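Novice: let me see the structure of the following:
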Amino acid sequence: MSQASQNMKFTHSEFLQVCDSVYGALNRDIAVFSDYGIQATFSESYKTKIDTLREIMPDEYWEGQQMLKTSAKDILRRSIERQIGDLRFRMKLAFGDNSPEYRHFKFGKFTSFTDAELISHAKRVASAARGMLDKLANRGVTEEELTALDIDRKGMDQSIDDLTEAKRTRQAMTMERSMLLGELYRMVTEVCEIGKHVWKEDNEAKYKEYVLYGSRSKKVEELTEDKQDEDSKE
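Specialist: Modelled structure (predicted):
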């Protein structure tokens, strides 16, 4: 996160309101601002950044997407654990838990495996069981069950890729949003400093339009009321 955006005392939505308000004042006073090096191209760039920032979904959205991917992965993991647990019990019935056949599967504490370890273990269990289907058939182990395990294993493998991509996307959006916030904060701060300097002695009402902070809650309340008044006139 940029240092400028860290310095902000507004929420994301509040900051956009402030940017919109300052943009309106800047456009009105652009002739005066040109004397201080602020040209129409600056105003256009400023507006473009506001619009871009508004279009970027907030972090809560990307966090939600990440949570959905995590949930999908966890559902498949629990399904795989149940299937392996059931297979282990059937193999115990078929061979006994001290038999070479049973020990061949190396079940261990598979519920404590990492996701990658569980996927590898599920693949090995299904493959080994297929080689013993004739001995396991009387305990109800079928090719259909092993195929179902394979499907969930592949699904979980894909869900891990999906989760990784969701994390990368969230990080990229966070960086983009932070950069825009930093750029806008520097621009709006510069505009407000010039605006206060210009109108400090000549126009109190215009001066207040460029006061970035002061009473934060009062400023946001005033901007909200102005917005509501504009909407009611449309």
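Novice: please make it C-alpha for all contacts and neighbour counts, starting now.
Specialist: OK.
Novice: and the residue lying closest to Ile84 once chain neighbours are set aside, how close does it get to Ala129?
Specialist: Distances taken as C-alpha to C-alpha, 6 or more residues apart in numbering put Ala122 closest to Ile84, at 7.1 Å, once the chain neighbours are dropped. Counting by C-alpha to C-alpha, to the nearest Å, the separation of Ala122 from Ala129 is 11 Å.
Novice: looking at the two, which one has more neighbours?
Specialist: Ala122 (23 against 20; other C-alpha atoms under 10 Å).
Novice: the more buried one: which element?
Specialist: helix 115-130 (DSSP states H and E).
Novice: would you confirm that the residue nearest to Ile84 contacts Arg153?
Specialist: Yes: Ala122 is within contact range of Arg153, at 6.7 Å (criterion: C-alpha atoms under 8 Å).
Novice: touching both of the two, which residues are there?
Specialist: Ile80 (C-alpha atoms under 8 Å, 6 or more residues apart in numbering).
Novice: residues near the residue lying closest to Phe105 once chain neighbours are set aside, how many?
Specialist: Nearest residue to Phe105, sequence neighbours excluded (C-alpha to C-alpha, 6+ apart): Val125, at 6.1 Å. Counted with other C-alpha under 10 Å, residues neighbouring Val125 total 21.
Novice: from Tyr185, how far out is Val125?
Specialist: 57 Å.
Novice: what of Lys73?
Specialist: From Lys73 to Tyr185 the distance is 39 Å (C-alpha to C-alpha).
Novice: and for Ala25?
Specialist: Distance, Ala25 to Tyr185, by C-alpha to C-alpha: 16 Å.
Novice: could you do Asp152 as well?
Specialist: On the measure of C-alpha to C-alpha, Asp152 and Tyr185 end up 48 Å apart.
Novice: sec struct for Ile194, please.
Specialist: The assignment at Ile194 comes out as helix when based on DSSP: H, G, I helix; E, B strand; the rest coil.
Novice: so it touches Phe33, yeah?
Specialist: Yes: proximity of Ile194 to Phe33 meets the contact threshold set by C-alpha under 8 Å, at 7.5 Å.
Novice: check this protein and tell me which residue is nearest its centre.
Specialist: By C-alpha atoms, centre = their mean, the chain has its centre lying nearest to Trp62, at 2.3 Å.
Novice: might you report the residue contacts of the nearest residue to it once chain neighbours are set aside?
Specialist: With sequence-adjacent residues excluded and distances taken as C-alpha to C-alpha, 6+ apart, Trp62 is closest to Arg170, at 5.3 Å. Applying C-alpha under 8 Å, 6+ apart, we find Arg170 in contact with Asp59, Trp62, Glu63, Gln66.
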